[in-house]
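**Student:** Model the following, please.
(2 chains)
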Amino acid sequence: GAVVSQHPSWVICKSGTSVKIECRSLDFQATTMFWYRQFPKQSLMLMATSNEGSKATYEQGVEKDKFLINHASLTLSTLTVTSAHPEDSSFYICSARDARYYGYTFGSGTRLTVV
Amino acid sequence: RKEVEQDPGPFNVPEGATVAFNCTYSNSASQSFFWYRQDCRKEPKLLMSVYSSGNEDGRFTAQLNRASQYISLLIRDSKLSDSATYLCAPGGGADGLTFGKGTHLIIQP
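**Tutor:** From the prediction side, this is the model:
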């Protein structure tokens, strides 16, 4: 089946710094990838849709200047949390859909803690 | 009405029992539906997809009721390893998935 790799698995950073999270489709090409965020005991919330070669589409309430998305190739999308603050601490997960299969495959997620 | 609603539980069920839970959705245009399971602090993993009236895979059965806008998941002969949070998500096409908050299932020995 489709494999999506996400790195890092966890990161602890100081308030005010930026953190980059990578999402790679390993055995398929993904023109579209999705970034989600999940707070404890909450549902996964779609943050943005990453489009290869064009600007990302952000969901309402998600600051595009704070969550920078780059999708420069068909197998890689990155999410950069800029000037991170403790309230940005969350579980960030990417996903993509391989046209050969039904459903969406998720990366293993990145647990971000901002101190 | 929220887009996707699920009973958060927890459902405490003895091993070997049958358990079912529902998920209601508000977008009547949804064409595809997915059940994912999520273990604690892990990513969601696809359990089943539903495109017509239902789908069955071993001990798991998903049913779709378009008229009432809900999908259900039935787990037969439950195992300890079935303990997880079950997320439903209508969606498909070019859009990302909209998830419910999930139903927490605990299988007790």
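**Student:** what's the distance between A:Q60 and A:L68?
**Tutor:** From A:Q60 across to A:L68, the span is 18 Å (C-beta to C-beta, to the nearest Å). Where C-beta positions appear, they are placed from N, C-alpha and C, glycine not excepted.
**Student:** OK, contacts around residue 109?
**Tutor:** No chain was given, so I picked chain A. A:Q6, A:S9, A:Q38, A:F91, A:Y92, A:I93, B:K42, B:E43 (C-beta atoms under 8 Å, 6 or more residues apart in numbering or on different chains).
**Student:** Not quite, go with chain B.
**Tutor:** Counting by C-beta under 8 Å, 6+ apart, B:P109 makes contact with B:P14, B:E15, B:L80.
**Student:** what is the residue nearest to the last one when sequence neighbours are not counted paired to in the beta sheet?
**Tutor:** Nearest residue to B:L80 in three dimensions, chain neighbours excluded: B:I107, at 5.1 Å (C-beta to C-beta, 6 or more residues apart in numbering or on different chains). Beta bridges link B:I107 to B:V13, judged by DSSP bridges.
**Student:** mind checking pLDDT for B:I107?
**Tutor:** On pLDDT, B:I107 comes in at 97.
**Student:** ok, how many other residues are close to it?
**Tutor:** For B:I107, the count of nearby residues is 20 (other C-beta atoms under 10 Å in any protein chain shown).
**Student:** show me where chain B has strands.
**Tutor:** Ranges of strands in chain B, per DSSP state E, are B:4-6, B:11-14, B:19-25, B:32-38, B:44-50, B:54-57, B:60-65, B:70-75, B:84-91, B:103-108.
**Student:** Next, format these as CSV and append distance to A:S83.
**Tutor:** Converted to CSV, the strands of chain B look like this (distance: least, C-beta to C-beta, whole Å):
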stretch, distance to A:S83
strand B:4-6, 32
strand B:11-14, 41
strand B:19-25, 36
strand B:32-38, 29
strand B:44-50, 29
strand B:54-57, 45
strand B:60-65, 43
strand B:70-75, 40
strand B:84-91, 31
strand B:103-108, 34
